[in-house]
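Undergrad: Next come a sequence and a model predicted from it.
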Amino acid sequence: MTQVIENKGLTIDTLKKRSDFLRIAAANKKWITPAMIVQTCENTIDDSSTVRVGYTASKKVGNAVKRNHAKRRLREAAKQVMGVSAVKNHDYVLIARQQIAEIKFKELIRDLKWALKRLHKAAGKSGSHNN
RNA sequence: UCAGAUGGCUGGAAGAUCGCUGCUGUGUUUUUUUCACAGGAGAGGAAAGUCCGGGCACCACGGAAGAACGGUGCUGGCUAACGGCCAGCGAAGGUGACUUCAGGGAAAGUGCCACAGAAAAUAUACCGCCGUUAUUGGUAAGGGUGAAAUGGUGCGGUAAGAGCGCACCGCUUUUCUGGUGACAGAAAAGGCAGGGUAAACCCCACCGGGUGCAAAAUCGAAUAGGAACGACUGGCAUUUGCCGCUUAUCUUUCGAAGUGUCGUUCGGGUUGAUUGCAAGAUGUAACCGGCAACGGUUAUACUAGAUGAAUGAUCUUACAUUCAAUUUCGUUCGCGGAAUUGGAGGACAGAACCCGGCUUAUAGGCCAUCUGACACU
RNA sequence: GCCCCUGUGGCGGAAUUGGUAGACGCGCCGGAUUCAAAAUCCGGUUUCUUUUGGAAGUGUCGGUUCGAGUCCGACUGGGGGCA
């Protein structure tokens, strides 16, 4: 599989504070796929060339090995997808679900692209969340 | 060959592309930083559970004796220490290799033993048996209850019986022998003392101050050098000094230190960085001592340091494993071996201050020693 | 990471020194009352079975004991605290 990534100049930064995670969850804009949940929210940072992404894997995913593995795969997927499909001045949170251990990496990337597309399309019309 | 026992080792490999976190060096940079390049490093046998033992840090102090509380519990050794390990003893289980055991004291004292049963522990006598006789005496063979009933079997003995007597077995005490010891063996004496429970209180011996790296220290930022209440802040003395008070569970005592700190509540600020934090009861190898655990000497190595938490993502190739189909060989007709093709597919699991153990989880693979059965020589 | 607490029917919650487990309340089911419902009153309510009875059962497994919800050990689920 060849992975030529066309970077738009967006650099990825990692969210670390709990308050940021809560703010993005409160915005109530999310898209659910079998392997993960994608949440997003606009931020107020002036630097327009960075996109901030946070990763979450709760105890429902499994033990420590499975949780770390899930976060690594999410980080790898974000590295390949966010540079192309993300919108600047937005923060994202990727939440792992149980099926992330079984799904193939190609499908993970496809789902993430689809989720971002749907989120930004829906955000234009209304603030209602999909299910 | 089959079945098993014990101990130990291992815990996936190779390659390609793209990345992550420290360290070292060079360059850039006024310096710190940042960035670029190069080099080299980067999870486990359990990293887990947090069940024990230490190091280390703080709690206003150390020693000795006692009390309380908690823990351990056959013997000897190893260890920094331990509830761990090694070697033994005893009991129970197994044909055997071997396995399991909180395994001190019930004759210091107290408590408890439901129901049933005459009686559940200073014993006692319901039905019985025997004698005398008209109300009692002897007895513990037999009956029945219970988890448990005051030695067991046999012979003698007797009114009936009973360690009442004897033999064997068991038990207790004493002595001797062997052993460092737990204990083992032998002899003599005693007609039998003695129910269970100490993972009930307890006794005996030994050990233990508390809290935990979110300990603790420094820097920065911020605001204030916060407020209220309580505790001891004392007395003589001009200084030395004397008495008193305080000093990590409590009391007593010895020495030393101290007399401005501590506790609670309210209010404000910070939710940062650095140190602690990686050379140690360290690993590996050889030799020596020891049955062994382990110890000693020499040589050699430096081997993770993250903090929404790095050590990876994707793909390919064989290899172990497994499923299905086909062919073939053997067959005790259950199936087993070999080859080919196609598919599935890596056990348990992630350092968080560091060590020594224990416990629990774990696909498979390999090695050594030993036991039993069968066959052959 | 470290330190604590706790587990009993569908739910809350009892069970004195170890001696008949499911007290009591809520809920649920059936009946009475009512034209009907609510309220009230009466009865039942751990599970299985060959049903006047028997067996299992206090998160799981093991041990001590004649006997364990209770005592001891190991595991497991849930909850809380610590800058």
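TA: Everything's here; your move. Values in this document were obtained by computation on a predicted structure and should not be read as measured data. Residues are numbered from 1 along each chain as shown, chains lettered A, B, ... in the order given.

Undergrad: Geometric centre of chain A: which residue is closest?
TA: In chain A, the centroid-proximal residue (Cα atoms, centre = their mean) is residue A:94; its distance is 3.8 Å.

Undergrad: which residues does the closest residue to it other than its chain neighbours contact?
TA: Spatial nearest neighbour of residue A:94, excluding adjacent residues (Cβ to Cβ, 6 or more residues apart in numbering): residue A:74 at 4.7 Å. (Each C-beta comes from the backbone N, C-alpha and C, glycine too.) By Cβ atoms under 8 Å, 6 or more residues apart in numbering, the residues touching residue A:74 are A:36, A:55, A:57, A:94, A:96, A:100.

Undergrad: any idea which element residue A:74 lies in?
TA: Element membership for residue A:74 (DSSP states H and E) is helix A:64-85.

Undergrad: interface residues of chain A facing RNA strand B?
TA: Residues of chain A lying close to RNA strand B (Cβ under 7 Å from any atom of the strand) are A:1, A:14-18, A:21, A:54-56, A:63-65, A:68-69, A:71-73, A:76, A:79, A:104-106.

Undergrad: are any of the residues you listed buried, and which?
TA: Listed as buried from the residues of chain A next to RNA strand B are A:15, A:21, A:54, A:55, A:56, A:69, A:71, A:73; burial here means 16 or more other Cβ atoms under 10 Å.

Undergrad: Least confident secondary structure element in chain A?
TA: Least confident helix or strand, chain A: strand A:11-14 with a mean of 74, by mean pLDDT, DSSP states H and E.
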